[in-house]
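Enquirer: got a sequence here, can you model it:
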Amino acid sequence: MNKFLPAPVFPFPSARCRVLSLGPLVALALAGEWVVAAPSGAGSPLLREATHEFTTMSDTLYQHQTRVDRAAGSYRYDCVGLVSYALKQAAPQAWASAAAGTGIAKGRIPSPPRYRAFLANLADEPQAGWAAVATAAELRPGDVVAWEHKTDTAVGHAVIIRSTPVAGPDGSWLVEVYDSTSSPHSDDSRSGDPRAQVLDSTGRRSGLGHGLMVLLADPVSGVLTGLRWSRKAKAITVPIAAGRPIATP
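Expert: Down below sits the predicted model:
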């Protein structure tokens, strides 16, 4: 196992999969500020897989083609590449349902908008290997969150929740996530991790890592409504949804 423990860093906004730390974290409200401390979530197959990839990797890079050499510890993929690969490894029934439910061609992976639509429909159209997650308060480590946000370089993003979200003011929830990106979140592992390769187009370390972001929800219903990429980033309202891969016999 790689003993490297990444140093924390400060936020940096924005990438194509608009793209959150080693084992999940729990944030606590203290003196009016969010403070992060250590968590759990050992029951989630997807969390175990993402943590395994992160702790055993020798190198990682953000790229749109998924290229994984598990034996060598090389993980090169984008945000949906990470989610799809991890589902295939840890929750094959959930992956089969997502592949069928999003209508992708064989050998392809769903885009962030397709994942978002699939997750949003789980309550009305249950899928084998999945449980619906209706509100931000219900999110747990190992859940998948995906959103649409079309820009010149992105169509959205997908993350794997790493910590139990902690409520802040006005429907905001501080949470730590695993994802693959070249745009670090708050306290992001990639910036101090020599295993994270520098992406030529951005000059930043990229690939699999973890960091803190803020999810936004309706203060009455609790339904997800948007996000802040990092603690102090601008809030954006986007189509966003969550779901929970579950272990099946």
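
Enquirer: which ones are touching the residue most central in space within the chain?
Expert: Of all residues in the chain, the one closest to the mean position by Cα atoms, centre = their mean is residue 159, 1.5 Å from it. When contacts are counted by Cβ atoms under 8 Å, 6 or more residues apart in numbering, residue 159 touches 19-20, 79, 83, 144-146, 177-179, 213. All C-beta spots, glycine's among them, are computed from the backbone N, C-alpha and C.

Enquirer: between these, which has the most around it?
Expert: Among those, residue 179 has the most neighbours (other Cβ atoms under 10 Å), with 32 neighbours.

Enquirer: roughly how far apart are that residue and residue 96?
Expert: Distance from residue 179 to residue 96, counting by Cβ to Cβ, to the nearest Å: 23 Å.

Enquirer: and for residue 216?
Expert: For residue 216, the distance to residue 96 (Cβ to Cβ) stands at 32 Å.

Enquirer: equivalent analysis for residue 66, please.
Expert: Taken as Cβ to Cβ, the span from residue 66 to residue 96 is 17 Å.

Enquirer: just residue 136 next, same as before
Expert: 27 Å.

Enquirer: so between the two, which is more surrounded?
Expert: In this comparison of residue 136 against residue 96, neighbours counted by other Cβ under 10 Å, the higher total goes to residue 136 at 24 against 15.

Enquirer: state the helix or strand in which the residue nearest to the centre of the chain lies.
Expert: Secondary structure assignment for residue 159, by DSSP states H and E: strand 156-161.

Enquirer: please name the nearest non-neighbouring residue to residue 94.
Expert: By the measure of Cβ to Cβ, 6 or more residues apart in numbering, the closest residue to residue 94 outside its immediate chain neighbours is residue 129, 3.4 Å from it.

Enquirer: tell me how many other residues surround residue 129.
Expert: Taking other Cβ under 10 Å as the definition, residue 129 ends up with a neighbour count of 20.

Enquirer: could you shift the numbering so residue one becomes 46, and keep it that way?
Expert: Yes, from this point I'll number from 46; that puts the last item at residue 174.

Enquirer: just the residues contacting stretch 114-126, thanks.
Expert: Outside stretch 114-126, the residues that reach it (Cβ under 8 Å, 6+ apart) are 47, 61-64, 98, 101-113, 127, 130, 154-157, 160, 191, 202-204, 224-226, 252-253.

Enquirer: tell me which residues in it are buried?
Expert: Taking 16 or more other Cβ atoms under 10 Å as the basis for neighbour counts, the residues of stretch 114-126 that come out buried are 118-126.

Enquirer: next: stretch 165-185.
Expert: 165, 167, 172, 174-178, 181, 184-185.

Enquirer: pick out the most distant pair among the residues you listed.
Expert: For these, with distances taken as Cβ to Cβ, the pair at the greatest spread is 174 and 181 (22.4 Å).

Enquirer: which SS state does the closest residue to residue 172 other than its chain neighbours fall under?
Expert: Computed as Cβ to Cβ, 6+ apart, the closest residue to residue 172 that is not its neighbour in sequence is residue 142, at 4.1 Å. Taking DSSP: H, G, I helix; E, B strand; the rest coil as the rule, one finds residue 142 in the helix state.
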